[in-house]
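>>> My questions concern the predicted model and sequence given below.
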Amino acid sequence: MTANKPGDPTTLNRLYGRSVGKPLRAGKQELVDNLLPQIAVPEEGEVTAEGLFGFDRPLHFEIGFGGGEHLAHRADLLPDHGFIGAEPFLNGVASALTHIKEGGLANVRLHHGNALDVLARVPDGALTMVYLLHPDPWPKARHAKRRMMNPGPLDMIAAKLKLGGEFRFGTDHPVYLRHALMVMRGYCGEGGPFDWLCDGPADFLTRPGGWPETRYEAKARKKGHEVWYFRYRRR
């Protein structure tokens, strides 16, 4: 695949980094083999609430759900809403499947692969919320184009959110933080698609209600990392 410019929505169509870790235990492998096909996002066609769940409902999308703790928590908190999660790391998908099975969550659909492949098939204005929590920071300058917080993906996120919908972003990496703030300045300025829901430092230093601490975040705090939380409303 040829390289794309950072502003092109297809910049991240190529997945970087590993997609498989340690071999799965038998129980998790069984979930991947049997449960995942039942709740997987279809590989082709428009992705809608009606198509995934049988009727219209508020639709949420999590980009890179890690181990699935946040996704499962939100789905359990809002059982009348529909949730789509996309994650390229197979071990993370297996962990999310465990949460889904144990929680009896019928309102979640998963995609093992690139989130943008699915997000591109969601109709414009269809999403109530989009989550991007602790994405891979790609801290080296030459890898900056791989970051999800870049114009191409952000243009797509803005297009898929309904007016008044919310985009949530969290990170514990200072390089990614600076990059994200720089990029989002252009999206929250005059004529931009977002309003930053922030009145002061407490708003981005305190985890909002309904935003659970994940294992990754707990590990980051144990290492002494600060964690930042951002909420943006679609204009």
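That came through fine. Numbering: from 1, shown residues only.
>>> can you give me the helices in this protein?
All helices of the chain, identified by DSSP state H, fall at 26-30, 36-39, 49-53, 69-77, 90-103, 115-119, 151-160, 174-188, 201-205, 215-222.
>>> Now tabulate those helices in JSON lines and tack on distance to K145, mean neighbour count and mean pLDDT.
Any C-beta I mention is one placed from the backbone N, CA and C, and that applies to glycine too. Converted to JSON lines, the helices of the chain look like this (distance: least, C-beta to C-beta, whole Å; neighbours: other C-beta atoms under 10 Å; pLDDT from 0 to 100):
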{"stretch": "helix 26-30", "distance to K145": "33", "mean neighbour count": "12", "mean pLDDT": "96"}
{"stretch": "helix 36-39", "distance to K145": "31", "mean neighbour count": "13", "mean pLDDT": "98"}
{"stretch": "helix 49-53", "distance to K145": "31", "mean neighbour count": "17", "mean pLDDT": "98"}
{"stretch": "helix 69-77", "distance to K145": "26", "mean neighbour count": "21", "mean pLDDT": "98"}
{"stretch": "helix 90-103", "distance to K145": "23", "mean neighbour count": "20", "mean pLDDT": "97"}
{"stretch": "helix 115-119", "distance to K145": "14", "mean neighbour count": "21", "mean pLDDT": "97"}
{"stretch": "helix 151-160", "distance to K145": "9", "mean neighbour count": "21", "mean pLDDT": "98"}
{"stretch": "helix 174-188", "distance to K145": "11", "mean neighbour count": "16", "mean pLDDT": "97"}
{"stretch": "helix 201-205", "distance to K145": "25", "mean neighbour count": "12", "mean pLDDT": "95"}
{"stretch": "helix 215-222", "distance to K145": "23", "mean neighbour count": "14", "mean pLDDT": "93"}
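>>> Go ahead and flag the most central residue of this structure.
Nearest to the geometric centre of the chain sits I63, at 2.0 Å (C-alpha atoms, centre = their mean).
>>> and stretch 67-86, how far out from the chain's middle?
When distances are taken as C-alpha atoms, centre = their mean, to the nearest Å, stretch 67-86 is centred 11 Å away from the chain's centroid.
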